[in-house]
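Trainee: what would the 3D arrangement of this be:
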Amino acid sequence: MKLLTLPLLVAAAAGAVEIPQGSHVLLRMVNSVNTRTAREGDYVYLRTASPIRASGRIVVPAESYVQGVVTRSKPSGRVSGRAELGIRLENITLPDGAGFKFAPRIASVESGEGNQRVDDKESAITQGGSKGKDVERIVITAGTGAAIGGMADHGWKGAGIGAGVGTAVGVATAMLTRGREVELRQGMTLDVVFDRAVPLE
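Mentor: Numbering: from 1, shown residues only. As a prediction, the model looks like this:
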């Protein structure tokens, strides 16, 4: 007959130790990852920025290590296509060295300098569109072109030609300018949620 050690006896008496379903935890990036350089299979390292509690006690302390892997990395395109970064979280290691497999879902992410967010449909972190920036760029270049054309021709005809040229330049610039990349810098945080309980035994 197998004898239970004291820690196992305590755990058995207190009930199974697990991360409960529906738990949220904040993770902080240890390394930096972005869609310009990341490749499928690259490792991602994080730490728990907050503890996980269950039944009035801490089951996962803060500063526990988490390892994930890049499952998809799509850079931003010049003409179309938003940057996308897929990450699968796979392992957690507690401060005492005990390691467990898990698969929480990323629920939200710091937006950073752009408008990056979690796209549940794509199961990835995506960068927001740049339509507003593109329109602003086109309007500015069209206005500049109109001003230059008007000064050169001293009339509305020159202004119209200048505006047309400026608009064309603005459209070309918008099409040839890459959008923002998805970037998870060191120290940025992600909120993850557990859709199923994870036994810690």
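
Trainee: let me see the domain layout of this structure.
Mentor: Domain assignment of the chain by automatic domain parsing yields the ranges 18-129+181-199, 131-176.

Trainee: can I get those domains in a markdown table including mean pLDDT?
Mentor: A markdown table is the format used below for these (pLDDT from 0 to 100):
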| stretch | mean pLDDT |
| --- | --- |
| domain 18-129+181-199 | 91 |
| domain 131-176 | 51 |
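
Trainee: next, format those as a markdown table and append mean neighbour count.
Mentor: C-beta here means a position set from N, CA and C on the backbone, and glycine is covered the same way. Formatted as a markdown table, these follow (neighbours: other C-beta atoms under 10 Å):
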| stretch | mean neighbour count |
| --- | --- |
| domain 18-129+181-199 | 16 |
| domain 131-176 | 15 |
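
Trainee: right, and Lys101 touches Asn91 too?
Mentor: Yes: between Lys101 and Asn91 there is a contact under C-beta atoms under 8 Å: 5.8 Å.

Trainee: can you tell me the element the spatially closest residue to Gly86 that is not a sequence neighbour falls in?
Mentor: Excluding the flanking residues, the one nearest Gly86 by C-beta to C-beta, 6 or more residues apart in numbering is Arg72, at 3.5 Å. If you go by DSSP states H and E, Arg72 is part of strand 65-74.

Trainee: using CSV, write out every CA atom in that strand.
Mentor: C-alpha atoms of strand 65-74 as CSV (Å, rounded to 0.1, in the frame of the first residue of the first chain):
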residue,chain,number,x,y,z
TYR,A,65,6.7,31.4,-14.6
VAL,A,66,4.5,30.9,-17.7
GLN,A,67,5.7,29.6,-21.0
GLY,A,68,3.9,29.9,-24.3
VAL,A,69,4.6,29.5,-28.0
VAL,A,70,3.8,31.6,-31.1
THR,A,71,1.3,29.8,-33.2
ARG,A,72,0.9,32.4,-35.9
SER,A,73,2.7,35.6,-36.9
LYS,A,74,1.3,37.7,-39.7
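
Trainee: what's the first helix or strand after it?
Mentor: Assigned by DSSP H and E, the successor of strand 65-74 is strand 84-93.

Trainee: what's that next one packed up against?
Mentor: Packing partners of strand 84-93 (3 or more C-beta pairs under 8 Å, 6 or more residues apart in numbering; DSSP states H and E): strand 33-34, strand 43-48, strand 65-74, strand 99-101, strand 124-126.

Trainee: give me the contacts around that strand.
Mentor: 27, 33-35, 38, 44, 46, 48, 60, 64-74, 99-104, 106, 119, 122-127, 182, 184, 192 (C-beta atoms under 8 Å, 6 or more residues apart in numbering).

Trainee: so what are the sheet partners of that strand and their directions?
Mentor: Paired neighbours of strand 84-93 in the sheet (DSSP bridges): strand 65-74 (antiparallel), strand 99-101 (antiparallel), strand 124-126 (antiparallel).

Trainee: among those strands, which comes closest to Arg82?
Mentor: Smallest distance to Arg82 across those (C-beta to C-beta): 5.4 Å, for strand 124-126.
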